[in-house]
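Peer 1: This is the structure alone, sequence omitted:
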């Protein structure tokens, strides 16, 4: 492998050029009058129209390898933001590029440690200012937050607010494509997992294709049921007491399926067999949660409980179970509420220890919490075309993430106004090098406001003359008038602004610390 290298100012030139290209594309989507970006060959060879900053960033790759390194660094700010909060990715990109550009203009040939000290002073002040401006969100304001994040689409704001009111802060909201042009919000009450009946012969409602069991007794195991006699004591108890039976196991031998199918059809016992969801440790966690929710004793090899030793005291129960060919929903489990709350608390504690990059694990455990508290809501996105549906789905995803962030850390005035508040109140230093570090951050804080104004077709210098950050007076790009942002309900999630700023700082620190770029030389495209 042959490498190419760039050093010092040449390296920083290449990084800045790459960042400038991606910032221009991503920044054009910012604000209520942000422009759309068309991504060619996005999926299945079809173009994709979007105003989602991180979607744009992820699909930009530059031919020049040195510039592409800069673009990738800037992408990282957006990706880190979306992983943590799911919104404000464009804000993060715009801030990061302007910080780097300011650092390049002000010069980095002075005392670097003092410049970094100035950057830290400024960054600490901005974070504190965001926290100072933050106010807890009123549940009545959910529509406003969701609408603003969805580019002022009130219909989307209403859908998202409705979903959050149904599931609460701990609930899970999924965004899926609708089979028609209608957008709906569907609530799943109770615990649901993606496994259905093993045979259609267990269906009790032919019209709906469902097996419905009222007040069933539930046997849960991670073992394979190989012989009917292994579950015979539990099955006989259910039949004797006239209770339906649900068995959730790793797998079932054909002999077991056939015997229980015949008994079900003959009316000896109303039952259904369902394979355990997921795999590995994931399956273990889900089965433990199911047992907790239904007050069942989990029969596993680890705890030494064999199937044939399961008696009526180990069976769980619930109000109703609805099983389709694809899913099982358990409603009104009889599990102890205090024990379930303790399990939820344990999962939350574990979630707080997970690092970025473990998104799949985070998602899995958040869904566990949602299942335990009975909060799963699905927003099914409808549109008249596939392109429209995907663009609308992106905006709903942003709105869901922004609303969740607002519920967690409160809200601050939007439109870049909180950053302007920090700009006009930024502390100063008598040390010239420290002041350079402060100015690098300070001079980037108006970039979000400026980009919103530019995307609305106006001059930021002229518009900014009538902006009074300390009085919450700023220019509303949507209505093109000066308003009090707090009174008008124009807010951002405080968490989104904070993380966008902190992730932008990460890019700045990498840039000012860089002295060399190493890339692989493409020897196959060299001209002889």
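Peer 2: Nice, I can see it. Computed from a predicted structure; not experimentally measured.
Peer 1: When you work out contacts or count neighbours from here on, use the C-alpha atoms and nothing else.
Peer 2: Fine.
Peer 1: Buried residues of the lengthiest helix in the chain, list them for me.
Peer 2: In the chain, with assignment by DSSP state H, the single longest helix is helix 386-409. Using 16 or more other C-alpha atoms under 10 Å as the burial criterion, the residues of helix 386-409 that qualify are 389-407, 409.
Peer 1: could you pull out the helices for the stretch 401-528 of the chain?
Peer 2: Using DSSP state H, counting those that start in this stretch, the helices found in the stretch 401-528 of the chain span residues 417-424, 432-442, 447-455, 460-463, 485-488, 494-513.
Peer 1: how about the longest one: buried residues?
Peer 2: In other words, helix 494-513. Buried-residue list, helix 494-513, by 16+ other C-alpha under 10 Å: 494-508, 511-512.
Peer 1: which element is the closest residue to residue 35 other than its chain neighbours on?
Peer 2: If the residues on either side of it in the chain are set aside, residue 35 comes closest to residue 29, at 4.8 Å by C-alpha to C-alpha, 6 or more residues apart in numbering. In this structure, residue 29 sits in neither a helix nor a strand according to DSSP states H and E.
Peer 1: Pass me the low-pLDDT residue ranges in the stretch 351-500 of the chain, would you?
Peer 2: For the stretch 351-500 of the chain, applying pLDDT under 70 flags the ranges 356-357, 374-375.
Peer 1: Apply 50 and report the result again.
Peer 2: Low-confidence segments of the stretch 351-500 of the chain (pLDDT under 50): none present.
Peer 1: How about the stretch 151-300 of the chain?
Peer 2: Those would be none, if you go by pLDDT under 50 across the stretch 151-300 of the chain.
Peer 1: try 70 this time
Peer 2: In the stretch 151-300 of the chain, residues with pLDDT under 70: 170, 189.
Peer 1: Look up phi and psi at residue 177.
Peer 2: phi -80, psi 140 (degrees, to the nearest 10).
Peer 1: OK, contacts around it?
Peer 2: Contacts for residue 177 (C-alpha atoms under 8 Å, 6 or more residues apart in numbering) come out as 380-382, 389, 393.
Peer 1: Roughly how far does it sit from residue 39?
Peer 2: Residue 177 is 20 Å from residue 39, where distance means C-alpha to C-alpha, to the nearest Å.
Peer 1: okay, now the domains of the chain?
Peer 2: Residue ranges for the domains of the chain, per automatic domain parsing: 3-135+411-525, 139-191+342-409, 192-335.
Peer 1: and the shortest one, how far apart are its ends?
Peer 2: Going back to what we said before, that points to domain 139-191+342-409. 13 Å.
Peer 1: coming back round to it: now distance to residue 284 too, for the contacts of residue 177, in a markdown table please.
Peer 2: What follows is those, written out as a markdown table (distance: C-alpha to C-alpha, whole Å):
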| residue | distance to residue 284 |
| --- | --- |
| 380 | 30 |
| 381 | 33 |
| 382 | 36 |
| 389 | 36 |
| 393 | 33 |
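Peer 1: Taking those together, which two end up most distant?
Peer 2: Largest separation among the contacts of residue 177 by C-alpha to C-alpha: 380 and 389, giving 10.1 Å.
Peer 1: picking that back up, and which of the contacts of residue 177 is nearest to residue 355?
Peer 2: Closest approach to residue 355 among these (C-alpha to C-alpha): residue 393, at 27.0 Å.
Peer 1: Near the closest residue to that closest one other than its chain neighbours, how many residues? Count them for me, please.
Peer 2: Nearest non-adjacent residue to residue 393, counting by C-alpha to C-alpha, 6+ apart: residue 381, 6.3 Å away. Using other C-alpha atoms under 10 Å, the number of residues around residue 381 comes to 23.
Peer 1: So residue 381 is in contact with residue 392, correct?
Peer 2: Yes. Between residue 381 and residue 392 there is a contact at 7.4 Å, judged by C-alpha atoms under 8 Å.
Peer 1: Relative to residue 415, how far out is residue 316?
Peer 2: Taking C-alpha to C-alpha, one finds residue 316 at 53 Å from residue 415.
Peer 1: try residue 238
Peer 2: The gap separating residue 238 from residue 415 is 62 Å, by C-alpha to C-alpha.
Peer 1: who's more crowded, these two?
Peer 2: Between residue 238 and residue 415, counting by other C-alpha under 10 Å, residue 415 is the more crowded of the two (27 against 23).
Peer 1: so who does the nearest residue to that one once chain neighbours are set aside touch?
Peer 2: Nearest non-adjacent residue to residue 415, counting by C-alpha to C-alpha, 6+ apart: residue 449, 6.1 Å away. With contact taken as C-alpha under 8 Å, 6+ apart, residue 449 is in contact with 415-417, 420, 460.
Peer 1: same thing with residue 218?
Peer 2: By C-alpha under 8 Å, 6+ apart, the neighbours of residue 218 are 245-248, 294, 296, 315-317.
Peer 1: Of these, just the buried ones, ChimeraX syntax please.
Peer 2: Selecting only the buried entries of the contacts of residue 218 in ChimeraX, with 16+ other C-alpha under 10 Å as the criterion:
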select :245,246,247,248,294,296,315,316,317
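Peer 1: With secondary structure as added columns, please give the contacts of residue 218 in JSON lines.
Peer 2: Shown next, in JSON lines, are these (DSSP: H, G, I helix; E, B strand; the rest coil):
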{"residue": "245", "secondary structure": "strand"}
{"residue": "246", "secondary structure": "strand"}
{"residue": "247", "secondary structure": "strand"}
{"residue": "248", "secondary structure": "strand"}
{"residue": "294", "secondary structure": "helix"}
{"residue": "296", "secondary structure": "coil"}
{"residue": "315", "secondary structure": "coil"}
{"residue": "316", "secondary structure": "strand"}
{"residue": "317", "secondary structure": "strand"}
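Peer 1: what sits against residue 55?
Peer 2: If you count contacts by C-alpha under 8 Å, 6+ apart, then residue 55 has nothing around it.
Peer 1: In which helix or strand does it reside?
Peer 2: Element membership of residue 55 [criterion: DSSP H and E] is helix 53-58.
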